[in-house]
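Visitor: Need coordinates for the following:
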Amino acid sequence: MTSSSVDGNALRKKLKKVVLAYSGGLDTSVIVPWLRENYGCEVVCFTADVGQGVQELEGLEQKAKASGACQLVVKDLKEEFVKDFIFPCLRAGAIYERKYLLGTSMARPVIAKAMVDVAKEVGADAVAHGCTGKGNDQVRFELTFFALNPELTVVVPWREWDITGREDAIEYAIKHNVPVPVTKKSIYSRDRNLWHLSHEGDILEDPACEPKEDMYMMTVDPKDAPDEPEYVKIGIVEGLPVSINGKELSPATLLSELNEIGGKHGIGRVDMVENRLVGMKSRGVYETPGGTILFTAAQELESLTLDRETIQTKDFLALKYAELVYAGRWFDPLRESIDAFMKEITKTTTGSVTLKLYKGSVHVTGRESPNSLYRQDISSFESGDIYNQADAAGFIRLYGLPMRVRAMLEKGL
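Guide: Okay, the predicted model is just below:
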């Protein structure tokens, strides 16, 4: 059940308790008193730690209660985020529109899932978020709510209130004695988690404009990266990374370390124009240093362990998988079914890949697997017992038969 009709007119009813996705910024700070005023409810603020940084979490409880919340719940979701959301996408090879490694798309369902859990824990009958009506995130949050608890009422202030911008929000905050965040507002709209950092807005809204170098936060300018390359060896078991240079690490720790390594070499910058789910195009710049390293390693190991037909089918399904994740359909049976295929097909993708990182580039220098389908005794140009080159003649005649028949028809033979 939602709190607004299709045309945006409020269908408000009294609610008992609402769990709000809370960041401590201006928008979510004014949503707290707005919910209390318009729905007569208690507000429980919820913040998920998905690796956005400790500075984003400091002082949140004080801010939430000063805004009128009855409590703040913070959950550390970093390991769950990487293990249960990022790694399945990595295993699937899911990339949206050739470039986007789905950083925000993967984070929203893990946050929304936790909100549903918190709603049950605190006895809330509703959930709320501060996403605007133009973006993808509203869909990702709400589809997760629908899938996990369709009985929850979903409140979306941006579709109901009269606040139209930052100045209106500040005026509302002052009127309701809500402390206005004094931090300098970035000219960019950013989203950060353990997988990536995205940048949108300001000069980026013109796709012809080059991003300013001071915008980047996770990666150095490749020209300023070390003059000596660094080699890293990624260990993989059944399609999932488990170690760096032989050292086994937890999923979140492994990714965090690769972010540091990749960032100092300027790895993982992507500038793209993408098609949003709601119909418009948007330009975004993404920094995904550790993720870029992992994707390169995982795909390279598959070149040893998967045959041609399997790789082609996997790549085909990866496109649909990425589309489903981007569109907020993480808990859709179709994504879950494709994921089961990906898990099964990568059971033999175990081994290691060695990469050379140098001034923004990632190059594969070696790969090995106990399940490798590559046989040097077959592939060698030297003569071998297994592959008889004379057999190629019959194969080519049969393989090319349709082309010969068509040519014969055209020539009247």
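Visitor: Can I get the helix or strand bottoming out on mean pLDDT in the chain in CSV, CA atoms only?
Guide: Within the chain, no helix or strand scores below helix 376-379, which has a mean of 82 by mean pLDDT, DSSP states H and E. Extracted in CSV, the C-alpha atoms of helix 376-379 (Å, rounded to 0.1, in the frame of the first residue of the first chain):
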residue,chain,number,x,y,z
GLN,A,376,49.3,-26.9,-24.6
ASP,A,377,49.8,-30.3,-26.1
ILE,A,378,46.7,-29.6,-28.3
SER,A,379,47.2,-25.9,-29.0
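Visitor: Which of the residues in it are classified as buried?
Guide: Judged by neighbour count (16 or more other Cβ atoms under 10 Å), helix 376-379 contains no buried residues. Backbone N, C-alpha and C define where each C-beta goes, glycine included.
Visitor: CA atoms only for the helix or strand just after it - export them in CSV, please.
Guide: Downstream of helix 376-379, the first helix or strand assigned by DSSP states H and E is helix 391-399. Extracted C-alpha coordinates of helix 391-399, given in CSV (Å, rounded to 0.1, in the frame of the first residue of the first chain):
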residue,chain,number,x,y,z
ASP,A,391,40.8,-33.8,-39.8
ALA,A,392,40.2,-30.1,-40.4
ALA,A,393,39.4,-30.7,-44.1
GLY,A,394,36.3,-32.7,-43.5
PHE,A,395,35.1,-30.4,-40.7
ILE,A,396,35.5,-27.3,-42.9
ARG,A,397,33.6,-29.0,-45.8
LEU,A,398,30.6,-29.8,-43.5
TYR,A,399,30.8,-26.5,-41.6
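Visitor: starting at the chain centroid, how far to the helix or strand containing Glu79?
Guide: Using DSSP H and E, Glu79 sits within helix 78-81. Centre-to-centre, helix 78-81 and its host chain are 12 Å apart (Cα atoms, centre = their mean, to the nearest Å).
Visitor: Show me what secondary structure element comes after it.
Guide: For helix 78-81, the following helix or strand on the C-terminal side (DSSP H and E) is helix 87-92.
Visitor: about what we covered before: pLDDT of the helix holding Glu79, averaged?
Guide: Averaged over helix 78-81, pLDDT sits at 98.
Visitor: Against which helices or strands is it packed?
Guide: Packing partners of helix 78-81 (3 or more Cβ pairs under 8 Å, 6 or more residues apart in numbering; DSSP states H and E): helix 103-122, helix 251-264.
Visitor: quick one: contacts of the last one?
Guide: Under the criterion Cβ atoms under 8 Å, 6 or more residues apart in numbering, residues 51, 78-79, 81-83, 86-87, 194-195, 218-220, 225-226, 230, 232, 241-244, 249, 268, 287, 289-294, 357 lie in contact with helix 251-264.
Visitor: ok so, going back, most tightly packed of the helices and strands packed on helix 78-81?
Guide: Among the helices and strands packed on helix 78-81, helix 103-122 has the highest mean neighbour count (mean count of other Cβ atoms under 10 Å), at a mean of 22.
Visitor: got the CA positions of that helix in PDB?
Guide: What follows is helix 103-122, C-alpha atoms only, in PDB (Å, rounded to 0.1, in the frame of the first residue of the first chain):
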ATOM      1  CA  GLY A 103      27.500   0.300  -7.700                       C
ATOM      2  CA  THR A 104      24.300   2.200  -6.600                       C
ATOM      3  CA  SER A 105      22.000  -0.400  -8.100                       C
ATOM      4  CA  MET A 106      23.400  -3.100  -5.900                       C
ATOM      5  CA  ALA A 107      23.400  -1.000  -2.700                       C
ATOM      6  CA  ARG A 108      19.800   0.000  -2.700                       C
ATOM      7  CA  PRO A 109      18.300  -3.500  -2.300                       C
ATOM      8  CA  VAL A 110      20.600  -4.400   0.600                       C
ATOM      9  CA  ILE A 111      19.600  -1.100   2.300                       C
ATOM     10  CA  ALA A 112      15.900  -1.600   1.600                       C
ATOM     11  CA  LYS A 113      16.000  -5.200   2.800                       C
ATOM     12  CA  ALA A 114      17.500  -4.000   6.100                       C
ATOM     13  CA  MET A 115      14.800  -1.400   6.400                       C
ATOM     14  CA  VAL A 116      12.100  -4.100   6.100                       C
ATOM     15  CA  ASP A 117      13.900  -6.000   8.900                       C
ATOM     16  CA  VAL A 118      14.100  -3.000  11.100                       C
ATOM     17  CA  ALA A 119      10.400  -2.200  10.500                       C
ATOM     18  CA  LYS A 120       9.600  -5.600  11.900                       C
ATOM     19  CA  GLU A 121      11.900  -5.200  14.800                       C
ATOM     20  CA  VAL A 122      10.500  -1.900  15.900                       C
END
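Visitor: Tell me the first helix or strand C-terminal of it.
Guide: Next along the chain after helix 103-122, taking DSSP H and E as the criterion, comes strand 126-128.
Visitor: Can you verify my assumption that Met327 contacts Gln138?
Guide: Not Met; residue 327 is Ala. No. The pair Ala327 / Gln138 is not scored as a contact, 11.9 Å apart, by Cβ atoms under 8 Å.
Visitor: Now do stretch 323-331: distance from first to last residue.
Guide: Start and end residues of stretch 323-331 are separated by 13 Å (Cα to Cα, to the nearest Å).
Visitor: and that stretch, average pLDDT?
Guide: On average, stretch 323-331 scores 98.
Visitor: Now find how far off-centre it is within its chain.
Guide: For stretch 323-331, the distance to the chain centre is 10 Å (Cα atoms, centre = their mean).
Visitor: Only the buried residues of that stretch, if you could.
Guide: Leu324, Val325, Tyr326, Ala327, Gly328, Arg329, Trp330.
Visitor: and which of those is nearest to Val32?
Guide: Of all those, Gly328 has the smallest distance to Val32: 24.8 Å, by Cβ to Cβ.
Visitor: Now that closest one. Nearest residue, chain neighbours left out?
Guide: Spatially, and ignoring its direct neighbours in sequence, Gly328 is nearest to Arg140 (3.4 Å; Cβ to Cβ, 6 or more residues apart in numbering).
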